[in-house]
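> sequence and predicted structure, then a few things I'm wondering about:
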Amino acid sequence: MVDLPVSARAEAVVDLDAIRHNIEVLRAATAPGAAVMAVVKSDGYGHGAVAVGRAALEAGATWLGVCTLEEAMQLRHGGITAPVLCWLHLPDDDFTEAVAAGVDLSISSRRHLAGVLAGARRAGRPARLHLKADTGATRGGAQPTDWPDLLDDATKAVADGIAEVVAVWSHLANADVPDHPSNDLQKARLTTAWQAAKERGLSPIRHLANSAATLTRPDMHFDLVRPGIAVYGLDPLDRQPARSPLRPAMTLRCKVALVKRVPAGEGVSYGHEWTTPGETTLALLPIGYADGVPRRLGRDGRMQVLLGGVVRPVVGRVCMDQVMVDCGDDPVREGDAAVLFGSGDHGEPTAQDWADELGTIHYEIVTGLHWRRITRTVVGTGAPS
Ligand SMILES: *Cc1c(COP(=O)(O)O)cnc(C)c1O
């Protein structure tokens, strides 16, 4: 994959075969009877929601999950007809179009439900509801004290024929620590909330697990699992790709813009934080913090790239639009491809390496790239040709 010619100044190559492989790994890990929802919020964690969604569905996922109404409609406009769950709404959102498009909607409060039902009336179609219980993540969802009132309203809406209660669901706070006691508590609270819905004659499914719980807690799979980060091949337990069954789908790379010999003793880039120790060849890469390469990554020589088959240091500061790479006496050429991060298969750094250097998580690395300037190239089975 990295052998393709670089088609742009800076390019993220997304491999749909890696997405398919990861869905297969997740399906194999999923308890019998549980379906897989591939989470494609934030434009598929930066990988492209429609292309990833299609590949995931072809590989055996049967649901897609998104955050915003716009993200849900992007999937529908992209021709995706599979069930889509959308879970974060604003007080003044208009749900008419989403209900008309058959998008499943998460509900966290009575007021929120009223807004969705108003949309259902306008759409002339029952809303598909996933009632969200706050079981301890304490973000969205209804608190246990508010749950009976929410169930009252939902049961009435079902009787009125303007809604269907598809699911009762929740989200884990500590799934990346599989034996954290809060996981068991959240599981028990979700089951209590689900049973209360059943006692009112509703027959919802139940779902709770994100990527980490999909891979480590089959007792929490219930009817549906909701992996996100693992779909993209980034390990929810922070294992490097070589130690993970998952395969990173994204490679970030760019073309060398300029190569030159520089004498000993010259300060390089803003602030002259690095000085050439001897005569050397420097390569200029046309990518910087305006593209989403964190400026902090350039401190103390922590950033490296794969260039001409060798892992080389980025020297001096990361600038808005460019970084400099020290190539010693090696013959690098303008137009050569430099890989900033990828699967690690060819020795290049990984998104996990960047996250470790920065004290953050790989989620922030891939969703933090700036698509105004980085071209996304989709490759693999099902890629547009
Ligand atoms: C983002 C998200 C997921 C997926 O989480 P990962 O850790 O990426 O697997 C699942 N469910 C909800 C509600 C989410 O917001």
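That came in fine, so what should we check first? Predicted, not measured: the structure shown is a model, and the values here were computed from it.

> let's verify residue 129: helix, strand, or coil?
Three-state assignment for residue 129 (DSSP: H, G, I helix; E, B strand; the rest coil): strand.

> need the nearest residue in space to the residue of the stretch 51-200 of the chain found nearest the ligand, chain neighbours excluded.
For the stretch 51-200 of the chain, the residue closest to the ligand is residue 171, as judged by C-beta to the nearest ligand atom, at 4.3 Å. For the C-beta atoms, the positions are set from N, CA and C on the backbone; glycine is no exception. Distances taken as C-beta to C-beta, 6 or more residues apart in numbering put residue 137 closest to residue 171, at 5.1 Å, once the chain neighbours are dropped.

> isn't there a helix covering that neighbour?
No. Under three-state DSSP, residue 137 sits outside any helix and is assigned coil.

> roughly how far does whatever residue of the chain ends up closest to the ligand sit from residue 156?
Of all residues in the chain, residue 228 sits closest to the ligand, at 2.6 Å by C-beta to the nearest ligand atom. In this structure, residue 228 and residue 156 are 33 Å apart, going by C-beta to C-beta, to the nearest Å.

> these two: who's more crowded?
When residue 228 and residue 156 are compared for neighbours, residue 228 comes out ahead with 21 against 13, by other C-beta atoms under 10 Å.

> returning to what we had before: Three-state assignment for the residue of the stretch 51-200 of the chain closest to the ligand, please.
coil.

> next, count neighbours for it.
Number of residues near residue 171 (other C-beta under 10 Å) recorded here: 24.

> do residue 263 as well
Neighbours around residue 263, by other C-beta under 10 Å: 9.

> for residue 309, what are its contacts?
Applying C-beta atoms under 8 Å, 6 or more residues apart in numbering, we find residue 309 in contact with residue 346.

> ends of stretch 312-330, how far apart?
Start-to-end span of stretch 312-330 (C-alpha to C-alpha, to the nearest Å) is 11 Å.

> residues of the longest helix belonging to the chain that come out buried?
Longest helix in the chain by number of residues (criterion: DSSP state H): helix 181-199. Buried residues in helix 181-199, counted by 16 or more other C-beta atoms under 10 Å: 183, 186-187, 189-191, 193-194, 196-197.

> residues of the protein that sit close to the ligand?
Counting by C-beta under 6 Å from any ligand atom, the chain comes close to the ligand at 39, 41, 87, 171, 210-211, 226-230, 236.

> can we see that at 5 Å?
Proximity of the chain to the ligand (C-beta under 5 Å from any ligand atom) is limited to residues 39, 171, 210-211, 226-229.

> those: which two are farthest apart?
Distance extremes for those: the farthest pair is 171 and 229 at 13.7 Å, using C-beta to C-beta.

> which neighbours do these two have in common?
Common contacts of residue 171 and residue 229 (C-beta under 8 Å, 6+ apart): residue 210.

> that older thread, can you list the buried residues of helix 181-199 in TSV and add pLDDT?
TSV is the format used below for those (pLDDT from 0 to 100):
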residue	pLDDT
183	97
186	97
187	98
189	98
190	98
191	98
193	98
194	98
196	98
197	98
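
> in what element of secondary structure is the residue lying closest to residue 86 once chain neighbours are set aside found?
Distance criterion C-beta to C-beta, 6+ apart; nearest residue to residue 86, sequence neighbours excluded, is residue 72 at 4.1 Å. Using DSSP states H and E, residue 72 sits in helix 69-77.
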